[in-house]
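Q: Would you be able to build a 3D model of this:
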Amino acid sequence: MIIDFHTHIFPEKIVADVIEKLSRSSKSKAFTDGSLSGLLNSMEKFGVDISIILPVATHIAQVEKINNSAAQLNEKFSERGILSFASMHPDFENYRAELSRIKNLGFKGIKVHPVYQKTNLDDKKFMRIFYRAAELDLIVVTHAGLDIGFPGKINCSPKMARNLIEEIGEFKFVLAHMGGWKNWDEVLIELADKKFFMDTAFSTGKIPAREDFFWREEDLNLLEEKKFLQFIKIFGAEKILFGTDSPWSSPEESVNFIKNLPVADEDKEKILGLNAKNLLG
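A: Take a look at the predicted model:
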């Protein structure tokens, strides 16, 4: 079983504009059109059994609307194999009631994005949300590290993640992009003794660059096999979740990267799906 723990889709009315805007700001190309049908077609083509949608609320007014739409999407999970998480925003004052509603609607977890939401990961506004999510046994997924669309902007560093984990304790916590995008040396130092999950989204191989923008070759590099193996050695294969960040990475290349690792087949199975299956219950 292959479970893609980190994907995105956008509403039909705005999907084309959103994909073009994000593609230009990140100087990278998309591998699907960002729609639900595009994701379903990609899953079928590359043998992905289940995809997890991680919606991001960039404004408090979007939270309930996104969650209502996501709940409707989840009603067809058994047909499509697509399961959406809920969204949450650090400035959403009625977060306790909304998190309870999220739990009652059957969501497995929530997604936050400190960069898009302009709040540091270890800010008290996030802390209170994560405490409540932990009480409700909800999974919390956060963007971690730098963001390709906001060069140099730091809202979710490994040190911030460390502060948060030390404050809250152990809970179902996923630091996306292998613990911190382009902060990987720091992740290996700051978080080596902490318990959390990480996903592989947009973190292996090279950035799929748009041809109409200039990139220095060295800036395109993401995690290579040798460095990825360090993560397995330090954190264990059981803490790594496969993810593509669809539509922003090639599912084929992402899957093959894991399949070609010089590790036991058991560890590959854990990363590609078993870990996610256990975490999701």
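Q: Need phi/psi at residue 228.
A: phi -60, psi -40 (degrees, to the nearest 10).
Q: Tell me if I'm right that residue 58 and residue 119 touch.
A: No. Counting by Cβ atoms under 8 Å, residue 58 stays clear of residue 119, with 11.6 Å between them. Bear in mind the C-beta positions are built from the backbone N, C-alpha and C, glycine included.
Q: more neighbours, these two?
A: residue 119 (19 against 13; other Cβ atoms under 10 Å).
Q: Run through the residues that contact the residue nearest to the more buried one when sequence neighbours are not counted.
A: Of all residues not flanking residue 119 in the chain, residue 90 sits nearest, at 4.4 Å (Cβ to Cβ, 6 or more residues apart in numbering). Residues in contact with residue 90 (Cβ atoms under 8 Å, 6 or more residues apart in numbering) are 112, 117, 119, 123, 125-126, 129.
Q: Now which of the residues you listed would you call buried?
A: Buried members of these, counted by 16 or more other Cβ atoms under 10 Å: 112, 117, 119, 123, 126, 129.
Q: Confirm for me that the second one is in contact with residue 62.
A: No. Between residue 117 and residue 62 there is no contact, the gap being 10.7 Å when judged by Cβ under 8 Å.
Q: shared neighbours of the two, which are they?
A: With Cβ under 8 Å, 6+ apart as the test, residue 117 and residue 62 both reach residue 89.
Q: and residue 51, how many neighbours?
A: Neighbours around residue 51, by other Cβ under 10 Å: 27.
Q: is it true that it lies in a helix?
A: No. Counting by DSSP: H, G, I helix; E, B strand; the rest coil, residue 51 falls outside a helix, being strand.
Q: Show me the helices in the stretch 51-200 of the chain, by range?
A: For the stretch 51-200 of the chain, the helices defined by DSSP state H, counting those that start in this stretch cover 63-74, 77-80, 95-104, 124-135, 158-168, 184-190.
Q: Out of those helices, which gets nearest to residue 276?
A: Residue 276 lies closest to helix 77-80 among the helices of the stretch 51-200 of the chain, at 14.2 Å (Cβ to Cβ).
Q: contact partners of the closest one?
A: By Cβ under 8 Å, 6+ apart, helix 77-80 touches 40, 83.
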